[in-house]
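Undergrad: pasting the structure only:
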Ligand SMILES: Cc1cc2nc3c(=O)[nH]c(=O)nc-3n(C[C@H](O)[C@H](O)[C@H](O)COP(=O)(O)OP(=O)(O)OC[C@H]3O[C@@H](n4cnc5c(N)ncnc54)[C@H](O)[C@@H]3O)c2cc1C
């Protein structure tokens, strides 16, 4: 069997990796319009796997999809790290949700929405200041309490992408065509048994009810800050998250703007992100701004993903702000559909055939 994967962003990479792990005899040709070091949306992402803290502001199904993906990341990343002899951290310290005292009512609303979405006591706890001191002492100075969602994590995408580059080089039957933009997928499909369209925003012209949602993040290095888990600041105008990385680095995000323009970050967005950040921990005042980055989230009108399985062409798109949260379980389901057993598909509603 010979397949092509068009688009080596987050979805294309995970698909190629999992397909090869499922059947090493399949020849997989990878195509991307840029080279393997391209800093696309999947690398710009904070890469939080947040099935519970995403729910209050989005569709309820996010919880179930995200919980499955969380488990898959836990299984898959150590196996890849061992195979590639590279550290691949999946930080699983959970997420804290905090708000300034003047925004207490928004924080309470967040908690109520989480309860309504069936986030139970195992997945959400209210911490008082003393409990907060015991897990995140530097935040407890400013915040008298927090909501703690222990079963969430952050993927180290800065390590995952290079590890997958090496994996694709190392494994037999995988060939990568870099800097190769595919204009006509139908024509290409004549040479293959299956072609997987994973172009994200690059597929926009071929899709109905599709849009892009612009997101801006800042990367900062803050030696005076010690935060070890993902943080969400509930704020009526400038909600913010912080995803910690190695070596005092933090990803600060993210704006959410209905636009398909990926021009550099605006002054307004930069000011909003950094002001909210400084209000959270004064140690960020001395942080160095490494860069501001912009990505476009590929999104359908219902903000949910879609997999269209045609005779030759399979399209996987619309992962919106949930690429890390959705891709593992969706790709697992798709591979069960194509190569495995229908009984092992968890979310058939996302697969149209
Ligand atoms: C600021 C920001 C923060 C985010 N944070 C999170 C988060 O914390 N957690 C989470 O789960 N998700 C997050 N996301 C969402 C996640 O990044 C996306 O859902 C994911 O990257 C979508 O993956 P994709 O493979 O569909 O698209 P992409 O990752 O954009 O990949 C598409 C690839 O296709 C290639 N391509 C396009 N057209 C062609 C063509 N014609 N020929 C060849 N190649 C082509 C592109 O070069 C690209 O490499 C965030 C997104 C943004 C912007």
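TA: Yes, it's here. Not measured: the values here are computed from a predicted model.
Undergrad: Residue 183 and the ligand, how far apart?
TA: Applying Cβ to the nearest ligand atom, to the nearest Å, the value for residue 183 to the ligand is 6 Å. Placement of C-beta: from N, CA and C, glycine included.
Undergrad: Am I right that that residue sits in a strand?
TA: No - counting by DSSP: H, G, I helix; E, B strand; the rest coil, residue 183 is located in no strand; its state is coil.
Undergrad: That one and residue 207: what is the separation?
TA: Distance, residue 183 to residue 207, using Cβ to Cβ, to the nearest Å: 16 Å.
Undergrad: Equivalent analysis for residue 148, please.
TA: 39 Å.
Undergrad: higher neighbour count, residue 183 and residue 207?
TA: Between residue 183 and residue 207, counting by other Cβ atoms under 10 Å, residue 207 is the more crowded of the two (18 against 7).
Undergrad: Spatially nearest residue to that one, not counting backbone neighbours?
TA: The spatially closest residue to residue 207, leaving aside those adjacent along the chain, is residue 317, at 6.6 Å (Cβ to Cβ, 6 or more residues apart in numbering).
Undergrad: ok, the residue in the stretch 151-300 of the chain that the ligand sits nearest to - how many residues close by?
TA: Here the stretch 151-300 of the chain gets closest to the ligand at one residue, residue 202, 2.1 Å apart by Cβ to the nearest ligand atom. Per other Cβ under 10 Å, the neighbour tally for residue 202 reads 20.
Undergrad: need the contact list for it.
TA: Shown in contact with residue 202 (Cβ atoms under 8 Å, 6 or more residues apart in numbering): 7, 33.
Undergrad: just residue 249 next, same as before
TA: Counting by Cβ under 8 Å, 6+ apart, residue 249 touches 219, 220, 221, 222, 290.
Undergrad: would CSV of the residues you listed with distance to residue 32 be doable?
TA: Formatted as CSV, those follow (distance: Cβ to Cβ, whole Å):
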residue, distance to residue 32
219, 23
220, 29
221, 29
222, 33
290, 25
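Undergrad: Low-confidence regions, the stretch 101-250 of the chain specifically.
TA: Nowhere does the stretch 101-250 of the chain drop to pLDDT under 70.
Undergrad: measure residue 116 to residue 56 for me?
TA: Applying Cβ to Cβ, the value for residue 116 to residue 56 is 9 Å.
Undergrad: So which of these two has more stuff around it?
TA: Neighbour tally, residue 116 and residue 56, criterion other Cβ under 10 Å: the higher count belongs to residue 56, 20 against 11.
Undergrad: For the more buried one, which non-adjacent residue is spatially closest?
TA: Nearest residue to residue 56, sequence neighbours excluded (Cβ to Cβ, 6+ apart): residue 113, at 3.6 Å.
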